[in-house]
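*Asks:* Okay, sequence plus prediction incoming.
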Amino acid sequence: MKTTKPTQWRSLNQLAMSQDDREALKNEFPEGASELHVTDVSRRRFLGIMGASAALAGAGLTGCMRKPVEHIVPYTSRPEDVIPGVSRYFATNLWTGSTVVQALVKSSDGRPTKIDGNPRGRARGASTSFAQAEILRMYDPDRSQHPLRGGEAVTWEQAAEGVAELRASMAASGGAGVALLVEERPSPSLRAQVAAFRQAYPQARVFTHDDARSGTQAAALVAAGAAGARVRYDVAAARVIVSLDSDFLHTEPNALQNAQGYGDGRRAATPEDEINRVYAIEPSFTVSGSNSDHHLALPASQVGPFAAAIAAALGVPGVTGTAPAGTESWVTAIAADLQANGGASLVVAGDRQPAWVHLVALAINQQLGNIGTTISVHSDPDAPEAGTLLELAAAIEAGEVTTLITVGVNPVYSAPGSVGFAALMERLEASVTLSFHVDETARASSWHIPRSHDLEAWGDLRDVDGRGGVQQPLIEPLYASLSELEFLDRLVRDDRRDGYTIVRETWSAGVPGGDDAANWNRWLHDGVAPFEATPAANLDLSGVGAAVSAAASVAAPTLNALEINVQLSPTVLDGRYANTAWMQEYPNPVTKLTWDNAAIMSAATADALGIRWGSGMRQGRENAEVLTVTVNGQSLEIPAFVIPGVVDNVIVVELGYGRSGRVAEGAGVDVRPLTNTEQGWILPGATVSRTGRRYLLASTQDHHTLVPNDNPNYARPLVVAATMDEFRADPSFPLQYELMPESKIHSPWTEPNPRGGQQWGMTIDLNTCIGCGACTIACNAENNIPVVGKSEVLNGREMHWIRIDRYFTGDMAAPEMVNQPLGCAHCETAPCEQVCPVAATVHSPDGLNDMVYNRCIGTRYCGNNCPYKVRRFNFFAYNRYNTEENELLRLQRNPDVTVRHRGVMEKCTYCVQRIQAAKIEAKVNGDGVIPDGAVRTACQQVCPTQAIVFGDINDPNSEVSRLKAQTRNYALLSFLNIKPRTTYLAKLRNPNSDLV
Amino acid sequence: MAVIFPKWTNRVPVLIALGAPVVLLGVILAVWYWFSPKFTDVGYAPLQPVPFSHALHAGDLGLDCRYCHNTVEQAAHAAVPPTETCMNCHTQVRGRDRDVSDPDSYSPALQPVADAWATGEPIRWVRVHMLPDYAYFDHSVHLAAGVGCSSCHGRIDTMDVVRQAEPLSMSWCLDCHRNPEPHLRPRDEVTNMAWDLANNDYDPSADPHRTREVNPPQHCSGCHR
């Protein structure tokens, strides 16, 4: 990337702006949106203008109505370690996104309110956006509350009778005709329960499935003689990483570990440091691809031949392959780079790729000597011997299975479309589903039992790399429900054991030292158990050459035979978060779409197909054309969306949409019916026709655009980046982008400059930030940020206090994508503070820009003045609407943060509630000085790569001071002389000089 | 031309010009005092479900505040004690005017407490000192600084029914936050209700037991989060 006059633009709309659009850009909100009219009320119930009026507070009166009566209701008998109002923290282990997350959950007055990483865990206290969303998922009002028989609610006694009958009939027949489909969860207790089930019913068959995985990697391992094994990466040990269509930093399993390793390998304090190099070969940008040094857009079907070509170039025995047209130089360069870094390189293949590509990736790793260093293939000796979902489908088809028990899997929604699992379920005599929602499979079952959330149930997790521990509940199940352990227990025994008993039994029997109460208490307290990694599995990759030759070659897509590439959604994943409002409103890191999925394609493809796209600078109101996409006889209607970086003639679609529930209803389209068992997620030969209808898509990509001057092609980039060579040549390269050197910036007046005591500041390292948006969700959870719904997002009114700005830069045909998290920068001479007529936003002596909700009268002048556009206004009583939709939300809210009403401004506060808590703690128990690291803002705490660092800039030894002293440090829009306390560390690229 | 208005109406504008400012001033002063927390909140003494007398327990019996409000040094809330704390004594102290013939009886005043203990249903006390939800007050840091209980809550040890003694308005809080020294007492005297704030020679800056300077927040985020 060149450093002279680079351009960074938010979207193709911005690039194609007319003069009128440029004027429109200066408005913070689209036309008409800042007035008090509401456009589309019907679609989203969050916008209940006719909402209930405020409730009266308290019923009792004391004679004259001087003030409302509030009651204090203490415990009758207060538990020993409970202090009302003081939150406690419990360690647990959660299974989210096919990843073991070692978590520390905050419990406020007995209810869990925030999930964070366990500092004792291997992630060093970090977690993921999916782990953050789990807390809201637990409080989902649409979660199942009653057992159902044939769709009708029944009592638990009746359900228990039904289970007892099932038990009796299975005992009589030994389980003949019965199949148990259980989720793939590395839980020792779950496996013990499955084993007990097997032992009780020897004729029954067991199948496992992970809804969020395609199964191709598992199939590859079977072919390599390592059935049931698991692949784990040590990304930190890799100097060169080649991603073959893999979103390994965000949606692939163990993304947390991968991201952490990526961050460790990317961090550079001085020019002498070495950083890793990432190549990404994928049809469109993913979170991982946006962090690559070299991005090659190839249709997913061509990634396999590309990989084979690399393998051939590296001399993997038996593999021959030609690179897809035009990619030969890439193959040569990548192969050379991998060769030079044997043992410290890593090739990963994504879940979308067929099994043979995974074999090729493993073979390349083996050839380079990476197995055991950057990639480990662990055996999983305790995994139950089980069939796959496709084998179950075949068994039902053949009539071998007549009763299906489903635990934690949603096959009707997650099976490939060609399987037609819903129809298969109708053939069954009986079916029982244990699930959290009354999901697609539960609706098709004769019985449904509500499942407890992982935060409400006992369990355990043990990953093959040794990560894991006990899963303990934070609260009794909100509604009567069973955990998967308890349910399986009731299928085998009649003594109705609870999860705790089952887990203790597993640990006493199976974990060395587990029968000792002292050990158990310590492991339970710490959340970490002394598990070791399982032994490596033996890989037999001798058949990889044959697999490559046997693989059906797929022609590159053309305009008449487009290719559909299906992938998991980076926001709702496989659909499990479709009813979790935060995740629907969380802008897709790549497309910035909210509340919908779309048919994503390149501008050239859209133009060639005659699709009209791009609505000018309407700031998020993409009036998209609805297309009918047809492939293999399956069609569906989906709106089109154009972003840069997509390869031509490919349409990328995301799974996880088209579900039901008060949040998920109407959000997007279920694309699973397009998939089939042979082709998986890569579907060539598709055609597209225009329906002529339009559909409004809410994209945040043009919201809150920073336009420092009239020129959108701002020559000075907002995300400053340089290559490693440029960094070494000029370590202070960010200075060349300063509009004015600091020495020349003079203020006409004396500036108040608080400098005493502790002064707070923050740095965000753009080099390690992967743009996953976990910070946005963590901030939502910590600060009671409301969800506004699609129609308000169309008006630009989403309420995220920290957002990720995404820019494309470079050649429009092959752009680079960069991310920049932006929350309130707490400027020392904040323009917002100058203009508030009622002094609702003022500066604290420790450097924070305070927002005082009770003074704010809603002028919005501060939001107008903010150059970063980070202030959010409550145009309506969003928080009240949220509670009206979901009463359980009150339980999730953080009691330490005010819940804002209509008419007040809000913005990032540097987690002032955490700062004050630490200050109080320091004053009560110490000398009033907060030690470095005692305050971690929510965004800092969650970040998997630890890109955000917060602390005392007056302390030269604090981490943030050391980072701000680095030469890569720069401030956004520094020429405005507002002196923001949040500064950035410029991004570094590590390109291969052979591939420029 | 005809005379429309009688002569006395000539005085009306003058009266309005003189009287309106006076009336306006009166209204302003009336609102200033009678609508301020000094009038609306001070003296608020709601009826409680149990006629618990601080004058008896904290005053005559000399119980320390922290015996019941035992979270006040570690937490933001000075929690109203659980029923169990009452029963520490009242399993045996059953009240003077009880039915002596029945060994299990309680006096009418204590009966609600005994019932709460027996059934597990908590006692719904009426809150006296109410701050708005957006003001986050922390007791522990005030005690650590040496602010006595009576400074804000008055002579609770003389109250049969708790009444709010101070306005607890933001300006009242800031009066101390801007100049804390006169309101501080030695840290081991915080629960000593009788300690005389006005006439003493206590100098916080010279107190050897203090490890740090008292620096109360005067900025908004000190209390508003």
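*Replies:* Alright, I've got the coordinates. Residues are numbered from 1 along each chain as shown, chains lettered A, B, ... in the order given.
*Asks:* Tell me the residue of the stretch 551-700 of chain A that sits nearest chain B?
*Replies:* Using Cβ to the nearest Cβ, the single residue of the stretch 551-700 of chain A nearest to chain B is residue A:582, 21.2 Å away. Using the backbone N, CA and C atoms, a C-beta is placed for each residue, glycine as well.
*Asks:* and what of the stretch 351-500 of chain A?
*Replies:* As assessed by Cβ to the nearest Cβ, chain B sits closest to residue A:476 within the stretch 351-500 of chain A, at 16.6 Å.
*Asks:* Pretty sure that residue sits against residue A:455.
*Replies:* No. The criterion here is Cβ atoms under 8 Å, and residue A:476 misses it with residue A:455 at 10.7 Å.
*Asks:* who has more neighbours, these two?
*Replies:* residue A:455 (26 against 11; other Cβ atoms under 10 Å in any protein chain shown).
*Asks:* OK, contacts around that one?
*Replies:* The contact partners of residue A:455, by Cβ atoms under 8 Å, 6 or more residues apart in numbering or on different chains, come to A:92, A:94, A:105, A:112, A:115, A:134-135, A:138, A:473-475.
*Asks:* At which residues are the strands of the stretch 501-650 of chain A located?
*Replies:* A:562-567, A:593-594, A:599-601, A:621-631, A:634-642, A:650-654 (DSSP state E, counting those that start in this stretch).
*Asks:* make that the stretch 51-200 of chain A, sorry
*Replies:* Along the stretch 51-200 of chain A, the stretches classed as strands by DSSP E, counting those that start in this stretch are A:71-72, A:88-96, A:99-108, A:111-117, A:148-149, A:152-153, A:178-183.
*Asks:* Minimum distance to chain B: which of those has it?
*Replies:* It's strand A:71-72; of the strands of the stretch 51-200 of chain A, that one is closest to chain B (Cβ to the nearest Cβ) at 4.6 Å.
*Asks:* helices or strands up against the longest helix along chain A?
*Replies:* Counting by DSSP state H, the longest helix found in chain A is helix A:156-173. If contacts are counted by 3 or more Cβ pairs under 8 Å, 6 or more residues apart in numbering or on different chains; DSSP states H and E, helix A:156-173 sits against strand A:148-149, strand A:430-435, strand A:447-450, helix A:484-492.
*Asks:* buried sites along it?
*Replies:* By neighbour count on 16 or more other Cβ atoms under 10 Å in any protein chain shown, the buried set for helix A:156-173 is A:159, A:162-163, A:166-167, A:170.
*Asks:* and of those residues, the nearest to chain B?
*Replies:* Scanning those for proximity to chain B, where the rule is Cβ to the nearest Cβ, the winner is residue A:159, at 29.5 Å.
*Asks:* Show me the helices in chain B, by range?
*Replies:* According to DSSP H, the helices that chain B contains are B:12-34, B:37-40, B:54, B:65-68, B:83-90, B:111-119, B:139-145, B:149-153, B:170-178.
*Asks:* Throw those helices into TSV and include mean neighbour count, thanks.
*Replies:* Output for the helices of chain B, formatted as TSV (neighbours: other Cβ atoms under 10 Å in any protein chain shown):
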stretch	mean neighbour count
helix B:12-34	10
helix B:37-40	15
helix B:54	21
helix B:65-68	18
helix B:83-90	17
helix B:111-119	16
helix B:139-145	22
helix B:149-153	21
helix B:170-178	15
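*Asks:* right, is stretch B:199-206 up against chain A?
*Replies:* No. Stretch B:199-206 is not in contact with chain A by Cβ under 8 Å from any Cβ of the partner chain; minimum separation 14.2 Å.
*Asks:* what comes up buried for that stretch?
*Replies:* So for stretch B:199-206, counting by 16+ other Cβ under 10 Å, buried means B:202, B:204.
*Asks:* That one: end-to-end distance?
*Replies:* 17 Å (Cα to Cα, to the nearest Å).
*Asks:* so how far is it from its chain's centroid?
*Replies:* 25 Å (Cα atoms, centre = their mean, to the nearest Å).
*Asks:* hmm, who's touching it?
*Replies:* Counting by Cβ under 8 Å, 6+ apart, B:146, B:180-181, B:184-186, B:210, B:213-214 sit against stretch B:199-206.
*Asks:* check these against chain A, which are close?
*Replies:* Among those, chain A is touched by residue B:213 when using Cβ under 8 Å from any Cβ.
*Asks:* With distance to chain A and mean pLDDT added, can I get the helices of chain B in JSON lines?
*Replies:* Output for the helices of chain B, formatted as JSON lines (distance: least, Cβ to the nearest Cβ, whole Å; pLDDT from 0 to 100):
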{"stretch": "helix B:12-34", "distance to chain A": "11", "mean pLDDT": "95"}
{"stretch": "helix B:37-40", "distance to chain A": "6", "mean pLDDT": "89"}
{"stretch": "helix B:54", "distance to chain A": "15", "mean pLDDT": "96"}
{"stretch": "helix B:65-68", "distance to chain A": "10", "mean pLDDT": "95"}
{"stretch": "helix B:83-90", "distance to chain A": "4", "mean pLDDT": "95"}
{"stretch": "helix B:111-119", "distance to chain A": "6", "mean pLDDT": "95"}
{"stretch": "helix B:139-145", "distance to chain A": "4", "mean pLDDT": "95"}
{"stretch": "helix B:149-153", "distance to chain A": "15", "mean pLDDT": "95"}
{"stretch": "helix B:170-178", "distance to chain A": "10", "mean pLDDT": "96"}
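*Asks:* Using TSV, lay out the strands of the stretch 501-650 of chain A together with mean neighbour count and mean pLDDT.
*Replies:* Converted to TSV, those look like this (neighbours: other Cβ atoms under 10 Å in any protein chain shown; pLDDT from 0 to 100):
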stretch	mean neighbour count	mean pLDDT
strand A:562-567	25	97
strand A:593-594	26	95
strand A:599-601	29	97
strand A:621-631	21	92
strand A:634-642	22	95
strand A:650-654	28	97
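*Asks:* With distance to residue B:11 added, can I get the ones you listed in a markdown table?
*Replies:* Output for those, formatted as a markdown table (distance: least, Cβ to Cβ, whole Å):
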| stretch | distance to residue B:11 |
| --- | --- |
| strand A:562-567 | 87 |
| strand A:593-594 | 70 |
| strand A:599-601 | 82 |
| strand A:621-631 | 66 |
| strand A:634-642 | 77 |
| strand A:650-654 | 83 |
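*Asks:* For residue B:20, find the nearest of those strands.
*Replies:* Residue B:20 sits nearest to strand A:621-631 of all the strands of the stretch 501-650 of chain A, at 53.7 Å, using Cβ to Cβ.
*Asks:* Is residue B:132 in contact with residue A:854, as I believe?
*Replies:* Yes. Contact criterion Cβ under 8 Å: residue B:132 and residue A:854 qualify, at 7.1 Å.
*Asks:* Thanks a lot, catch you later.
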